[in-house]
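**Student:** Got a predicted model here, sequence first, then my questions.
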Amino acid sequence: MAVAPVIEERAGCGRGARLAARFMHRFMRPLVERLPWTPRALRFAPLIDLGAALLLPPRGTRVTKVRGLGCGAEWVRGPGVSMGSRQAILYFHGGGFVACGLRTHRRMIARISQAAGMPVLSVAYRMQPRVPIQTSIDDCVDAYRLLLKTRDPGDIVVAGDSAGGYLAFMAPLHALRAGLPGPAGIAALSPFADLDIAPKIAHANAALDPFIPAHRMWDMVHMCFPDAEPTDPWLSPVHADLGGLPPVLIQAGAIEVILADAELMAERLGAAGVPCTLQVWEGQVHVFQVFADISREGLVAIKEIGAFARRATTAEARAA
């Protein structure tokens with residue numbers, strides 16, 4: 001039975017968020033406009049994660065490497081979080097399917113861990129163009145399988161941002177297809193969910209987004225999803241059979257072009273009978289939670305993610 005998604009418009013855009021948007025508009029968007037989406041140019045993309053070693057997590061964070069996967073992974077415990085917690089978050093980083101990793105996201109993930117009161121398994125899935133997108137999805141499903149060895153599915157929340165938000169939907173969908181039980185919840189931050197870029201180009205935010213030039217996303221799709229049909233249900237979340245998914249929280253900035261995907265995904269989840277809350281944050285940019293050091297709205301949004309994870313993994317939620 002279809003259910004209407006809950007749309008929450010979060011008002012307020014502080015000075016820090018406005019400064020972040022101006023910085024991105026002046027320096028980041030011109031860079032993305034000129035970014036050559038070729039295998040030759042993208043061979044330098046891993047350097048972004050190496051450089052992020054300077055981004056230290058909050059004091060008191062504990063990080064432990066994870067073995068046994070075909071890709072890198074680590075447990076991140078925010079300040080005061082015990083590894084003995086039965087509940088856990090499985091997190092997939094963003095970066096346009098070609099960049100970022102454990103280091104770029106460790107600081108934000110530590111904050112999410114602290115807000116939720118549970119450890120986070122952060123996964124550095126293998127990326128394009130070195131491997132096909134199916135390998136990235138398989139890495140994420142394998143990480144979920146690893147968690148299922150020590151935890152009940154009702155104790156696991158899957159999360160991710162941007163490209164990782166895409167994987168936060170695709171990994172559970174592919175896990176269900178493989179006969180695995182679904183997780184307790186999904187939290188998606190500015191998720192990429194539709195391989196068709198035309199609706200994003202036509203969205204009002206295409207002229208407002210200070211970071212992502214919508215038309216350049218065609219290059220990303222052609223590189224990372226070569227020869228894919230935009231409506232392929234095993235590659236495009238908005239065209240998948242979503243009925244088996246758990247409750248979903250989606251957060252998006254009100255001025256980012258990916259809001260088009262967030263809105264469509266919320267609509268499709270509701271049509272499939274999946275409870276979904278879409279939070280649209282005034283004046284915020286793509287994955288604004290990463291700017292929590294200067295943006296109070298980023299901190300508030302992270303607390304909302306933590307609260308969602310706790311609700312999803314309570315005994316009452318599992319019994320419902």
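**Tutor:** Nice, I can see it.
**Student:** From here on, just use CA atoms for contacts and neighbour counts.
**Tutor:** Noted.
**Student:** quick one: Ala292 and Leu299 touch, right?
**Tutor:** Yes: using C-alpha atoms under 8 Å, Ala292 makes contact with Leu299 at a distance of 5.1 Å.
**Student:** Apart from its neighbours in sequence, what residue is nearest Ala204?
**Tutor:** Val257 (7.9 Å; C-alpha to C-alpha, 6 or more residues apart in numbering).
**Student:** ok, the one you found - contacts?
**Tutor:** Contact analysis of Val257 by C-alpha atoms under 8 Å, 6 or more residues apart in numbering lists Lys200, Ile201, His203, Ala204, Asn205, Ala206, Leu208, Asp209, Ile212, Ala214.
**Student:** can you rerun that using 10 Å?
**Tutor:** 190, 192, 199-214, 285-286 (C-alpha atoms under 10 Å, 6 or more residues apart in numbering).
**Student:** Between Ala292 and Leu299, which contacts overlap?
**Tutor:** Met108, Arg111.
**Student:** Between its first and last residues, how far does stretch 284-296 reach?
**Tutor:** With C-alpha to C-alpha, to the nearest Å as the measure, the ends of stretch 284-296 fall 11 Å from one another.
**Student:** ok, now how distant is the nearest residue to Ala171 once chain neighbours are set aside from Thr150?
**Tutor:** Residue nearest to Ala171 in three dimensions, not counting chain neighbours: Val141, with 5.2 Å by C-alpha to C-alpha, 6+ apart. Relative to Thr150, Val141 is positioned 15 Å away (C-alpha to C-alpha).
**Student:** Those two: which has the busier surroundings?
**Tutor:** Set side by side, Val141 and Thr150 show more neighbours around Val141, with 23 against 9, by other C-alpha atoms under 10 Å.
**Student:** how far does the helix or strand harbouring that one sit from the chain's center?
**Tutor:** Element membership of Val141, judged by DSSP states H and E, is helix 133-148. Average the C-alpha atoms of helix 133-148, do the same for its chain, and the two points are 15 Å apart (C-alpha atoms, centre = their mean, to the nearest Å).
**Student:** tell me what that helix is packed against?
**Tutor:** strand 88-92, strand 120-124, strand 156-161, helix 163-177 (3 or more C-alpha pairs under 10 Å, 6 or more residues apart in numbering; DSSP states H and E).
**Student:** buried set for the last one?
**Tutor:** When neighbours are counted by 16 or more other C-alpha atoms under 10 Å, the buried residues of helix 163-177 are found to be 163-176.
**Student:** average pLDDT for that helix?
**Tutor:** Average pLDDT, helix 163-177: 98.
**Student:** between it and helix 133-148, how many degrees?
**Tutor:** Following axes from the mean of the first three to the mean of the last three C-alpha atoms, to 10 degrees, one obtains 70 degrees for the angle between helix 163-177 and helix 133-148.
**Student:** wait, Leu269 sits on Ala193?
**Tutor:** No: applying C-alpha atoms under 10 Å as the test, Leu269 and Ala193 come out as separate, 11.8 Å apart.
**Student:** hey, what's in contact with both of those two?
**Tutor:** Residues touching both Leu269 and Ala193 (C-alpha under 10 Å, 6+ apart) are Pro237, Val238.
**Student:** show me where the stretch 201-320 of the chain has helices.
**Tutor:** 217-224, 259-271, 296-312, 315-319 (DSSP state H, counting those that start in this stretch).
**Student:** Arg103: which of those helices is closest?
**Tutor:** Counting by C-alpha to C-alpha, Arg103 lies closest to helix 296-312 out of the helices of the stretch 201-320 of the chain; the figure is 18.2 Å.
**Student:** Which elements pack onto that closest one?
**Tutor:** helix 15-23, strand 88-92, helix 102-116, strand 156-161, strand 185-189, strand 248-253, strand 276-281, helix 315-319.
**Student:** cutoff 8 Å now
**Tutor:** Helix 296-312 is packed against helix 102-116, strand 185-189, strand 248-253, with contacts defined by 3 or more C-alpha pairs under 8 Å, 6 or more residues apart in numbering; DSSP states H and E.
**Student:** I would like the residues contacting the shortest one, please.
**Tutor:** Residues lying outside strand 185-189 but in contact with it, judged by C-alpha under 8 Å, 6+ apart, are 156-162, 165-166, 168-169, 245-252, 287, 305, 308-309, 312-313.
**Student:** Pull out the CA atoms of that strand and give them to me as PDB.
**Tutor:** Below are the C-alpha coordinates for strand 185-189, written out as PDB (Å, rounded to 0.1, in the frame of the first residue of the first chain):
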ATOM      1  CA  GLY A 185      16.900   1.400   8.100                       C
ATOM      2  CA  ILE A 186      18.600   3.500   5.300                       C
ATOM      3  CA  ALA A 187      20.000   7.000   5.800                       C
ATOM      4  CA  ALA A 188      20.900   8.800   2.500                       C
ATOM      5  CA  LEU A 189      22.700  12.100   2.400                       C
END
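**Student:** Many thanks, I have nothing further to ask.
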